[in-house]
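**Student:** sequence plus the predicted model coming up.
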Amino acid sequence: MIFSASGAPSRTGTVSSRPPLNELQDKARWMALLMLAVGIHVLESALPGLGPWFKPGLANIVTLVALVMLGPWQALSLSVARVLVGAMFIGTLFTPTFIMSLSGALAAALMMLFAYRVIPGISLIGVSLLGALAHMLVQFFTVEALFIQQTALFYLLPPFLLVAALTGWLNGVAASYIVERLQPDEAIESGLAQGAAPGATHG
């Protein structure tokens, strides 16, 4: 008789497969980080800012953590999902605010992925700085191209880039601290899993 992965007989005569435990854990972590990022996104939307297209970008801290803990594509999907779900909660879906937020989030995420994968030895602070600058630049170009259509808008760009660099640095410091605190726990869990694996021997 053929048994399923749970130990029960399979009626179809085939062995059912289950996703690996680490894959389930990664999905659970992604969902938890998404909920956290959406919460920060919604909270940030209520905070006063320097303009309709500028916010501190605190949700990018979660994207940076996902980049290190889960990988680049999970971080990118989280960034896009955060904007979509957040816009549903605050009622800005498909509005100009949503378009600016999505363009900035995509630009920041893609820049951070590129920097993390291509630039040797770059720190999370450097990754965050580049992401914040890309976020601001793309939002300015989006606003000018789709809504205001006045090149005089770019006179405001230098001070906004300066503020973006400051917030990017702060977000990078926060993300680095969080990752450093989480990585020892990940190493402990990995060691316990290996020690509990079938056939493991102890000296």
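**Tutor:** Everything's here; your move. Numbering: from 1, shown residues only.
**Student:** which stretches of the protein have low pLDDT?
**Tutor:** Per-residue confidence for the chain (pLDDT under 70) gives these ranges: 1-18, 49-54, 184-203.
**Student:** hey, where'd the helices end up in it?
**Tutor:** For the chain, helices defined by DSSP state H occupy the ranges 21-45, 59-69, 72-90, 96-118, 124-143, 157-195.
**Student:** tell me, what residue is most central in this protein?
**Tutor:** For the chain, the residue lying nearest the average C-alpha position, counting by Cα atoms, centre = their mean, turns out to be Thr63 (2.0 Å).
**Student:** any idea how far Ala28 is from that one?
**Tutor:** When Cβ to Cβ, to the nearest Å is the yardstick, Thr63 and Ala28 sit 18 Å from each other. Backbone N, C-alpha and C define where each C-beta goes, glycine included.
**Student:** how far off centre is stretch 147-154?
**Tutor:** Relative to the chain's own centre, stretch 147-154 is displaced by 30 Å; criterion: Cα atoms, centre = their mean, to the nearest Å.
**Student:** and stretch 135-153, how far apart are its ends?
**Tutor:** Its start and end residues considered, stretch 135-153 measures 16 Å (Cα to Cα, to the nearest Å).
**Student:** okay, now the residue lying closest to Ser128 once chain neighbours are set aside: neighbour count?
**Tutor:** Excluding its sequence neighbours, the residue lying closest to Ser128 (Cβ to Cβ, 6 or more residues apart in numbering) is Gly172, at 3.1 Å. Applying the criterion other Cβ atoms under 10 Å, we find 24 residues in the vicinity of Gly172.
**Student:** same thing with the one 5 residues further on?
**Tutor:** Here the count is done by other Cβ under 10 Å, and Tyr177 has 12 residues near it.
**Student:** got the contact list for it?
**Tutor:** Residues counted as contacts of Tyr177 (Cβ atoms under 8 Å, 6 or more residues apart in numbering): none.
**Student:** from Leu34, how far off is it?
**Tutor:** 21 Å.
**Student:** re earlier: pretty sure the residue nearest to Ser128 contacts Leu124?
**Tutor:** Yes: with contact defined as Cβ atoms under 8 Å, Gly172 counts as touching Leu124 (5.1 Å).
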